[in-house]
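Engineer: Got a predicted structure plus its sequence, pasted below:
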Amino acid sequence: MQLNPIQFIPIALLKQPHLRQYAQQLYQQAFPAEDRFPFWGLRLFSLRPAIRFDAIVNSHHQPIGLVYLIHGEGLLYVLYFAIDAQCRSQGYGSRIIAELERQYPSDTIVLDIRTPDTNAADALQRQKRLDFYLRNGFHIAPFEWVEAAERYTVLYSRSTQPYTALARLAVLLVLSAARHLV
């Protein structure tokens with residue numbers, strides 16, 4: 001099956017209000033309120049050189065998702081990654097991960113997800129999310145982190161030096177814990 005090409009378009013600089021509105025709506029639908037920063041703050045911080053906030057469109061310029069990335073110290077931290085519900089199970093998520101690996105060939109990609117929990121209201125979604133990342137070559141870090149009452153599983157990709165990458169990751173996690181201060 002041939003997949004349509006995808007394109008990353010910076011949200012902070014968008015002159016196309018429909019893509020910015022789409023990204024904001026998807027962001028609000030895909031992430032619980034307690035996991036979200038104000039959208040204007042994300043746009044503002046994405047003006048920094050180490051941060052990318054991109055809408056993702058297919059070859060027909062139809063929006064299919066968004067990513068919010070923080071790059072540095074040999075790591076690419078994925079703070080937010082969402083695919084439109086209507087576009088899921090079409091290979092776009094795997095394609096986006098492959099493109100990020102192509103764009104950042106020497107970096108370890110790191111992200112965190114809500115830990116699968118059979119008692120959670122969204123238990124099936126949590127497990128599907130973990131399975132997706134494992135299918136796409138991610139590994140579970142030997143630690144979790146907790147914020148409020150929520151546990152987060154940390155995942156990382158293709159590190160040739162996992163302990164060095166995990167040490168860097170620990171620093172990034174401390175920094176990302178401050179995300180609710182924005």
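Structural biologist: Okay, I see it.

Engineer: alpha carbons only for contacts and neighbour counts from here, please
Structural biologist: Noted.

Engineer: What residues are bridge-paired with L155?
Structural biologist: Beta-bridge partners recorded for L155 (DSSP bridges): L111, I140.

Engineer: Can you give me the neighbour number for it?
Structural biologist: If you count neighbours by other Cα atoms under 10 Å, L155 ends up with 23.

Engineer: wait, what's in contact with it?
Structural biologist: Contacts here follow Cα atoms under 8 Å, 6 or more residues apart in numbering; on that basis L155 touches V110, L111, D112, I113, Y133, F138, H139, I140, A141.

Engineer: and if you look at F81?
Structural biologist: Per Cα under 8 Å, 6+ apart, neighbours of F81: G65, L66, V67, Y68.

Engineer: hey, C-alpha coordinates of the strand or helix carrying it in PDB?
Structural biologist: Taking DSSP states H and E as the criterion, F81 maps to strand 75-83. Output in PDB follows, covering the C-alpha atoms of strand 75-83 (Å, rounded to 0.1, in the frame of the first residue of the first chain):
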ATOM      1  CA  LEU A  75      17.400  13.900  22.300                       C
ATOM      2  CA  LEU A  76      14.200  14.700  20.500                       C
ATOM      3  CA  TYR A  77      11.500  14.900  23.200                       C
ATOM      4  CA  VAL A  78       8.000  14.500  21.800                       C
ATOM      5  CA  LEU A  79       5.800  16.500  24.100                       C
ATOM      6  CA  TYR A  80       2.600  16.200  22.000                       C
ATOM      7  CA  PHE A  81       1.800  13.900  19.000                       C
ATOM      8  CA  ALA A  82      -1.700  13.400  17.800                       C
ATOM      9  CA  ILE A  83      -3.300  12.000  14.600                       C
END
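
Engineer: residues of it that come out buried?
Structural biologist: Using 16 or more other Cα atoms under 10 Å as the test for burial, strand 75-83 gives L75, L76, Y77, V78, L79, Y80, F81, A82, I83.

Engineer: now the fifth one: how far from S59?
Structural biologist: Yep, that's L79 we're talking about. Plainly put, L79 is 25 Å away from S59 if you go by Cα to Cα, to the nearest Å.

Engineer: For the protein, which segments are assigned as strands?
Structural biologist: Along the chain, counting by DSSP state E, strands occupy 6-10, 51-58, 63-72, 75-83, 108-114, 138-147, 150-157.

Engineer: Out of those, name the one with the poorest average pLDDT.
Structural biologist: Lowest mean pLDDT of the strands of the chain: strand 138-147, a mean of 86.

Engineer: Okay, buried residues for that one please.
Structural biologist: F138, H139, A141, W145.
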